[in-house]
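**Student:** what's the 3D shape of this:
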Amino acid sequence: QVQLVESGGGLVQAGDSLRLSCVASGRNVKNYNMAWFRQAPGEERTFLAAIKWSGTNEYYSDSVKGRFTISKDNAKNTAYLQMNDLMPNDTAVYYCAADLYVTGPRSADFDYWGQGTQVTVSS
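**Tutor:** Numbers count the residues shown, from 1 in each chain. Okay, the predicted model is just below:
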């Protein structure tokens, strides 16, 4: 079992930056690939970024490539999502996910999820 806890969300203005954190706990958490998804009201949960357990490979959706950066600190069992130049349509609940084998983009393939953190971007 793996437990994930996200933090770092909040209310920001367009153009601002935020860094989300996802602390993982449980057995062998360093072996898990980590990913970030988001879900806006009335919409499906969508893939944003993923990183291999080793930190050697990163994957991004086209919608955030160049603005968002995923990283992983195995010493702290923590994954991060650095979000720059935020826009109102980035408003959503952001979720961290973990899986031993996959790196996305289907949410159904990930075994473990955090509870989510709200990000609201005002214009």
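**Student:** report pLDDT for Ala92.
**Tutor:** As predicted, Ala92 sits at a pLDDT of 98.
**Student:** could you number the chain from 13 rather than 1 from now on?
**Tutor:** Sounds good: first residue 13 from here, last item Ala104.
**Student:** ok, the most centrally placed residue in the chain - contacts?
**Tutor:** Closest residue to the average C-alpha location of the chain: Trp48 at 2.3 Å, with Cα atoms, centre = their mean. By Cβ atoms under 8 Å, 6 or more residues apart in numbering, the contact set of Trp48 is 32, 34, 60-62, 80, 82, 91, 93, 106-109. To be clear about C-beta, it is placed using only N, CA and C from the backbone, and glycine gets the same treatment.
**Student:** 7 Å instead, please
**Tutor:** 60-61, 82, 93, 106, 108 (Cβ atoms under 7 Å, 6 or more residues apart in numbering).
**Student:** ok, so of these, who is nearest Gly38?
**Tutor:** Cys108 (13.2 Å; Cβ to Cβ).
**Student:** quick check, the closest one in contact with Leu16.
**Tutor:** Yes - counting by Cβ atoms under 7 Å, Cys108 touches Leu16, with 4.9 Å between them.
**Student:** more neighbours: which of the two?
**Tutor:** Neighbour totals were compared for Cys108 and Leu16, and Cys108 leads with 28 against 23 (other Cβ atoms under 10 Å).
**Student:** check that one and give its pLDDT.
**Tutor:** You'll see Cys108 listed with a pLDDT of 98.
**Student:** no further queries at this time; thank you.
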